[in-house]
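Asker: Show me the folded form of this:
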Amino acid sequence: KTVLPKPLRRSRKVAVSIVKPLARKQLERLQRSAPAAPSFQVEHFYGIARELPPLFEQHGLEHGEKPDPDWDAFFDLGLQGVLRILTVRDGGLLVGYIFNLVRGHLHAKRTLHCFIDGFYLSPAYRGGMLAMKMFRRNDELCKEWGVQRAYVGADMGSRQEVIFKRLGYKPFEMFYRKDF
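Answerer: Okay, here's the model as predicted:
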C-alpha cells in the first residue's frame, strides 16, 4: 500500500502549493555538475515534485517556452497510476526524467500503450551514451508494465531522432502545430 505524504493526505491543493522552485544555487549546481555514475529508478510524482521546477525551467528555455505545468493533473495522473516516471539521479541530484503515460488507447482499450509525455536530461549529462541508456531502461520498464506499444515525439532533425531509430522506434505520424 502506498502511503501518501502528509500534505497529500490533507489536500492535493496544499501539496500543489508547496511545489516551489529550488534555490538558484541548486539550479546552478545542476547545470555545472559533471556526470559520475548516474542511476535510473522509477519514482512517484509526489515524491519528486519539489525537484522538478528547475528542470522544467531549463527544458522550457531550450525550447523557447515558459513552462506552465498543470500540477493538479500531474498529481492526479500519478495517484491514478497512469503517470510513471523514470528518473536519472547523480547521487541524490535529479538530472533527468522520462514522463510515461501508461494506459489503454481510446481506440484500442485492451492494448496497453505508453505515451512519453516528456523527457529531459541536464546538458552536463548529454553527449555520451546516457540518453540512450535512459531510453533503453525506459523500454525495459514498459515491457515489465505490459506495454504493447510506445509513442514518443522528437524534435525534427535532432539527435533525438537518431536515438529513437537506433532503439527500434519507427516514424509513425507527423504532428503539425499551429499557434493562435
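Asker: average model confidence for stretch 109-118?
Answerer: If you average the pLDDT over stretch 109-118, you get 94.
Asker: contacts for it?
Answerer: 59, 83, 97-105, 138, 142, 145-153 (Cβ atoms under 8 Å, 6 or more residues apart in numbering). Every residue, glycine included, has its C-beta placed from N, CA and C.
Asker: Now the helix or strand harbouring residue 141 - C-alpha only, PDB.
Answerer: Under the criterion of DSSP states H and E, residue 141 resides in helix 130-145. Provided in PDB are the C-alpha atoms of helix 130-145 (Å, rounded to 0.1, in the frame of the first residue of the first chain):
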ATOM      1  CA  LEU A 130      23.400   8.300 -21.000                       C
ATOM      2  CA  ALA A 131      20.400   9.300 -23.100                       C
ATOM      3  CA  MET A 132      20.500   6.000 -25.000                       C
ATOM      4  CA  LYS A 133      20.800   4.100 -21.700                       C
ATOM      5  CA  MET A 134      17.900   6.100 -20.200                       C
ATOM      6  CA  PHE A 135      15.600   5.200 -23.100                       C
ATOM      7  CA  ARG A 136      16.700   1.600 -23.100                       C
ATOM      8  CA  ARG A 137      15.900   1.400 -19.400                       C
ATOM      9  CA  ASN A 138      12.500   3.000 -20.100                       C
ATOM     10  CA  ASP A 139      11.800   0.400 -22.800                       C
ATOM     11  CA  GLU A 140      12.600  -2.400 -20.300                       C
ATOM     12  CA  LEU A 141      10.200  -0.800 -17.800                       C
ATOM     13  CA  CYS A 142       7.500  -0.600 -20.500                       C
ATOM     14  CA  LYS A 143       7.900  -4.300 -21.100                       C
ATOM     15  CA  GLU A 144       7.700  -5.000 -17.400                       C
ATOM     16  CA  TRP A 145       4.500  -3.000 -17.200                       C
END
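Asker: please renumber so the chain begins at 103
Answerer: Okay, using 103 as the starting number, the last item reads as helix 232-247.
Asker: just checking, next helix/strand downstream of it?
Answerer: Following helix 232-247 toward the C-terminus (DSSP H and E): strand 251-254.
Asker: Give the other helices and strands that the next helix or strand after that following strand contacts.
Answerer: Remark: after strand 251-254, the chain's next helix or strand is helix 261-268, criterion DSSP H and E. When contacts are defined as 3 or more Cβ pairs under 8 Å, 6 or more residues apart in numbering; DSSP states H and E, helix 261-268 packs onto helix 232-247.
Asker: picking up where we left off before, emit the PyMOL select command for whichever of the contacts of stretch 211-220 are buried.
Answerer: Here is the PyMOL command that selects the buried residues among those (16 or more other Cβ atoms under 10 Å):
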select buried, resi 161+185+199+200+201+202+204+205+240+244+249+252+254
